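Student: Sequence first, then the predicted structure, then my questions.
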Amino acid sequence: MKRPVAMLAATAHAVPTRVFTNDDFASIGVETSDEWIRERTGIGQRYIAGEGETLTSLCTEAARKAMAMAGVTAAELDLIILGTASPDRLLPATAVEVQAALGASRAAAFDLDAACSGWLYSCQVAEGLIATGSYETILVIGGEVLSRIINWRDRNTCVLFGDGAGATIIRRSTKQRGILSAYMRSDGTLADLLQRPKGAGACPMTNEILAEGSHFITMAGREVFKNAVRSMADAADRALDGAKLSSTDVDLLIPHQANIRIIEATAKHANIPMEKVFVNVDRYGNTSAASIPIALSEAQAQGRVKEGSTVMFVAFGAGFTWGSMIVRF
Ligand code: ACO
């Protein structure tokens, strides 16, 4: 029997209403500047969740838009996979809260934590399940409310991240398009370089942990930078090899939006000119698992991804996790 093809049928996104600019850090006493942040990261602003805005609400909004675009009803969803590192609750998974909000009564639902690689990993899991023939329509979401797990007193990290969600409908298809190559890797020996050290199972929450803030994200910035550049370059090579394509066959590169310097280094290594690279880190910051689907949603809305386009996705995140995918739309 021929292996079913998985198509990315539609992608949409949602962000909180509040925009937080680089200049706004002065108002909360963080010693930084617009110039420092732009020069080192390319970030100019990010969206930050306010009261009543949660991972569930952002993911549900993005999912509803994607479902409307694809013409898919909640009853048609077989599965919901939510890539996230910032769930609304530690138990149960936020994916089941999205399932309830959508009324997707037939769907199974689970969270997948691969940090910034969460959407990319989730798409590849969805593709594998569609290939078994048992699943037809899967909602894959990358969503984060990182503003609630970053230390707003730590200028090394708090300037980098933003909140948002991107949702993709992945469907079985008979057309010879879809995911042409898929690659995932991880290296847990480097887990300490980007982590939330305490406050969970191995080191349960105490007043001391709360006071020192060691339940928030900590990061060895330079080490993360070096590993991100190396791993994303490797992932780009693997994507092209896997699809038996060369860089000139790629119409658009959509990398994880962490930092403009990491994006430029990845594009350079892959021999893809910056005109063929989608960048929106300036307006969203690093939204972790949400960054690629938000970028894809914008790229499609701008007509930069259309029927027949060949798009390469490359991600890297805490773990470390990384990977890539080439999709023909
Ligand atoms: N504003 C002003 N100064 C700052 C800030 C800030 N927000 N943050 C740090 N500094 C200071 C430091 O204290 C240091 O000062 P010192 O020399 O007096 O000690 C100085 O700036 C230089 O700090 P470095 O860490 O050496 O700066 P670097 O050029 O490495 O840039 C950065 C830091 C932007 C974090 C960089 O290392 C980076 O981008 N790393 C990748 C991190 C990343 O993207 N993480 C996201 C998660 S993983 C992923 O999504 C890929």
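Tutor: Sure thing, it's come through.

Student: Find me the pLDDT at the closest residue to residue 124 other than its chain neighbours, would you?
Tutor: Here the nearest residue to residue 124 in space, its sequence neighbours aside, is residue 182; by C-beta to C-beta, 6 or more residues apart in numbering that works out to 4.6 Å. C-betas here are computed from N, CA, C, even on glycine. According to the prediction, residue 182 has pLDDT 95.

Student: Please name the bridge partners of residue 182.
Tutor: Listed beta-bridge partners, residue 182: residue 325 (assigned using DSSP bridges).

Student: residues near it, how many?
Tutor: 23 (other C-beta atoms under 10 Å).

Student: What distance do you get for residue 77 to the ligand?
Tutor: Applying C-beta to the nearest ligand atom, to the nearest Å, the value for residue 77 to the ligand is 29 Å.

Student: Within range of the ligand, give me the residues from this protein.
Tutor: Within the chain, the positions adjacent to the ligand are 32, 36-37, 40-41, 116, 155-156, 159-160, 194, 219, 221-222, 224-225, 228, 256, 258-259, 286, 316-317 by C-beta under 6 Å from any ligand atom.

Student: Of those residues, just the buried ones, ChimeraX syntax please.
Tutor: Per 16 or more other C-beta atoms under 10 Å, the buried members of those correspond to this ChimeraX selection:
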select :32,37,40,41,116,159,160,194,219,224,225,228,256,258,259,286,316,317
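
Student: Spit out the contact partners of the residue nearest to residue 124.
Tutor: 123-124, 127, 242, 323-325 (C-beta atoms under 8 Å, 6 or more residues apart in numbering).

Student: Among those residues, which one is most surrounded by other residues?
Tutor: residue 324 (32 neighbours).

Student: per-residue confidence at that one?
Tutor: At residue 324 the predicted local distance difference test score is 98.

Student: Next: residue 222.
Tutor: Here the pLDDT value assigned to residue 222 is 96.

Student: element containing it?
Tutor: With elements delineated by DSSP states H and E, residue 222 resides in helix 221-243, which encompasses its position.

Student: Now the residue nearest the centre of the chain: closest residue in space, sequence neighbours ignored.
Tutor: Most central in the chain under C-alpha atoms, centre = their mean is residue 289, positioned 2.2 Å from the mean C-alpha point. Closest residue in space to residue 289, ignoring its immediate chain neighbours: residue 118 at 3.1 Å, by C-beta to C-beta, 6+ apart.

Student: relative orientation of the helix or strand encompassing that neighbour and helix 221-243 in degrees?
Tutor: Counting by DSSP H and E, the element that carries residue 118 is helix 118-131. With axes from the mean of the first three to the mean of the last three C-alpha atoms, to 10 degrees as the criterion, the two stretches helix 118-131 and helix 221-243 enclose an angle of 30 degrees.

Student: Quick check: buried residues in helix 118-131?
Tutor: Per 16+ other C-beta under 10 Å, helix 118-131 contains these buried residues: 118-127, 129-130.

Student: coming back round to it: enumerate every residue touching the residue nearest to residue 289.
Tutor: Shown here is residue 118, whose contacts under the criterion C-beta under 8 Å, 6+ apart are 83-85, 112, 142, 288-289, 317.
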